[in-house]
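Asker: Build me a structure from this.
(one chain, ligands or ions: 1)
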Amino acid sequence: MKKKIIILGSPGVGKGTYTRLLSKEFGLPHISTGDMFREHLKKKTELGKKAKKIVNEGGLVPDEIVSEMVKHRLAQEDCNNGWLLDGYPRNINQAETLQSFTKVDSVLRFVADKKVIIDRLSGRRVCKKCGATYHVRNVPPKSEGICDKCGGDIYQRKDDKPEFIKTRLKIYKKQTAPLISFYQKRDLITDVNVNSEYEKRYEVLEWIKEKFKD
Ligand SMILES: [Zn+2]
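Answerer: Next up is the predicted model:
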């Protein structure tokens with residue numbers, strides 16, 4: 001089985017949900033750059049300190065630091081059988097660095113129609129207190145406006161409002177286009193259609209499993 005897998009997908013395709021499910025199914029660690037950063041900051045590692053300083057000064061964490069963190073993470077024991085990498089690489093430079101220290105077996109790209117994505121994002125609600133996410137129709141909280149997990153208030157993030165979603169999608173497309181062609185040239189991309197309803201997510205999962213069978 002091909003197990004070193006990069007996850008791609010625009011905001012609103014449900015990439016996070018599917019990656020969590022796949023992680024369980026395949027028994028592979030879900031490595032997200034967000035979690036990785038938090039871990040480094042918490043442990044106050046050298047890389048974490050460097051990154052924090054740059055962010056505090058208003059800068060973006062440079063590719064070298066992110067790549068170093070990923071390299072370090074992928075060398076850990078739980079990655080021996082493979083991994084699901086989410087949020088990296090973000091550009092060609094990072095993609096080339098990744099190639100220099102590991103093999104990539106496959107790139108799973110979650111795709112959905114614009115209409116579907118806009119519906120999902122504009123229905124998304126977030127808890128102010130704990131960050132849990134809901135959807136007005138698909139995953140509503142038990143009582144309206146109140147978080148099931150912590151009782152906090154649920155609200156709509158500004159960039160989930162319809163007028164901002166289109167801009168976000170445009171930016172995403174422009175930023176990832178070079179990455180897509182990078183992996184297309186290497187014949188690594190598998191498109192996963194996630195237009196179907198949330199209830200059908202296990203069918204999508206089965207489809208992916210079938211694709212990745214030995
Ligand atoms: Zn909450």
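
Asker: what are the ranges of the strands in the chain?
Answerer: Defined through DSSP state E, the strands belonging to the chain, from first to last, are 4-9, 30-32, 83-86, 106-111, 124-127, 133-135, 154-155, 189-193.

Asker: which of these sits most buried?
Answerer: strand 83-86 (a mean of 24; mean count of other C-beta atoms under 10 Å). Quick note: C-beta positions are derived from backbone N, CA and C, even for glycine.

Asker: CA-only coordinates of that strand, as PDB, when you get a sec.
Answerer: What follows is the C-alpha trace of strand 83-86 in PDB, where atoms were taken according to Å, rounded to 0.1, in the frame of the first residue of the first chain:
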ATOM      1  CA  TRP A  83       1.700   9.500   7.100                       C
ATOM      2  CA  LEU A  84      -1.100  11.900   6.100                       C
ATOM      3  CA  LEU A  85       0.500  15.300   5.600                       C
ATOM      4  CA  ASP A  86      -2.000  18.200   5.800                       C
END
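
Asker: Contacts for that strand next, please.
Answerer: With contact meaning C-beta atoms under 8 Å, 6 or more residues apart in numbering, strand 83-86 is reached by 3-7, 15-16, 19, 22-23, 26, 28-33, 70, 74.

Asker: can you redo the strands of the chain as TSV with mean pLDDT?
Answerer: As requested, those are exported to TSV (pLDDT from 0 to 100):
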stretch	mean pLDDT
strand 4-9	96
strand 30-32	94
strand 83-86	96
strand 106-111	95
strand 124-127	94
strand 133-135	91
strand 154-155	96
strand 189-193	94
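
Asker: For the ion, find the nearest of those strands.
Answerer: Of all the strands of the chain, it is strand 124-127 that lies closest to the ion, at 3.2 Å by C-beta to the ion.

Asker: which parts of this protein sit against the ion?
Answerer: Near the ion, the residues belonging to the chain are 127, 129, 130, 132, 147, 149, 150, 152 when assessed by C-beta under 5 Å from the ion.

Asker: on contacts alone, who are the packing partners of the top helix by length along the chain?
Answerer: For the chain, the helix with the greatest residue count under DSSP state H is helix 162-185. In this structure, helix 162-185 packs against strand 4-9, helix 92-101, helix 114-122, with contacts taken as 3 or more C-beta pairs under 8 Å, 6 or more residues apart in numbering; DSSP states H and E.
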